[in-house]
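*Asks:* below is the structure, and that's it, no one-letter string:
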């Protein structure tokens with residue numbers, strides 16, 4: 001999760017073009033330009049003020065190019081945001097629970113310290129409180145996938161004997177995500193070089209308490 005939305009999008013477009021069934025060819029270079037423009041515009045204006053016209057202008061494309069790919073601002077937001085978040089939340093398996101937790105926190109910290117996600121994530125969370133449709137779509141695509149990956153990380157630790165079988169998985173997932181997000185996204189306080197290591201040790205102690 002240490003790369004920007006635009007670089008994540010670029011990494012997922014290995015072929016030069018694709019065709020919609022019975023429709024026009026969609027050039028991946030245009031899709032990539034639109035995705036990059038979308039994240040930059042979202043970070044700049046926020047979801048509520050985001051317009052597809054502004055995204056198209058920033059991308060140097062026509063508005064029709066957006067509608068050939070996504071039917072609405074909501075669909076575009078969910079598709080692009082979830083693609084980046086889910087790609088960044090790939091399976092982590094270092095062989096130890098401590099290594100997995102530290103790798104997880106390092107990815108999250110990298111994203112929250114990046115200029116685009118640090119503005120986009122809090123804005124989307126705030127918008128979800130006002131927009132139930134957006135909330136449901138994003139939570140299904142992003143939250144559920146990320147928590148499923150983290151749950152598998154805990155299950156592997158149980159299988160290795162690093163965590164007791166009765167570990168409170170729901171509480172562990174909350175602890176895994178909450179403190180770092182609070183520190184970097186809410187109160188925006190700088191961290192010492194060893195902060196993630198210390199946080200990892202505290203989390204492991206809490207998991208086994």
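*Replies:* Alright, I've got the coordinates. Please read these numbers as outputs of a predicted model, since none were measured by experiment. Residues are numbered from 1 along each chain as shown.
*Asks:* can you show me the helices along the protein?
*Replies:* Counting by DSSP state H, the chain has helices at residues 5-11, 28-45, 52-59, 63-67, 73-88, 97-113, 115-130, 132-138, 144-160, 169-181, 195-208.
*Asks:* got the buried residues for the fourth one?
*Replies:* This means helix 63-67. Under the neighbour-count criterion of 16 or more other C-beta atoms under 10 Å, helix 63-67 has 65-66 buried. No exception for glycine: its C-beta is placed from N, CA and C like everyone else's.
*Asks:* next up, the contacts around the residue nearest the centre of the chain.
*Replies:* The residue lying closest to the centre of the chain (C-alpha atoms, centre = their mean) is residue 85, at 2.5 Å. Counting by C-beta atoms under 8 Å, 6 or more residues apart in numbering, residue 85 makes contact with 141-142, 145-146.
*Asks:* can you put those residues in TSV and add pLDDT and neighbour count?
*Replies:* Formatted as TSV, the contacts of residue 85 follow (pLDDT from 0 to 100; neighbours: other C-beta atoms under 10 Å):
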residue	pLDDT	neighbour count
141	86	17
142	86	20
145	86	15
146	86	21
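*Asks:* biggest separation within the residues you listed, which pair?
*Replies:* Farthest pair in those (C-beta to C-beta) is 141 and 146. Separation: 9.8 Å.
*Asks:* what's residue 162 sitting at in phi/psi?
*Replies:* phi -80, psi -20 (degrees, to the nearest 10).
*Asks:* how close does it sit to residue 198?
*Replies:* Separation of residue 162 from residue 198 (C-beta to C-beta, to the nearest Å): 19 Å.
*Asks:* break this structure down into its domains, please.
*Replies:* Listed by automatic domain parsing, the domain ranges of the chain are 5-72, 89-208.
*Asks:* residue 187 is nearest to which of the helices of the chain?
*Replies:* Nearest to residue 187, of the helices of the chain and by C-beta to C-beta, is helix 169-181 at 10.2 Å.
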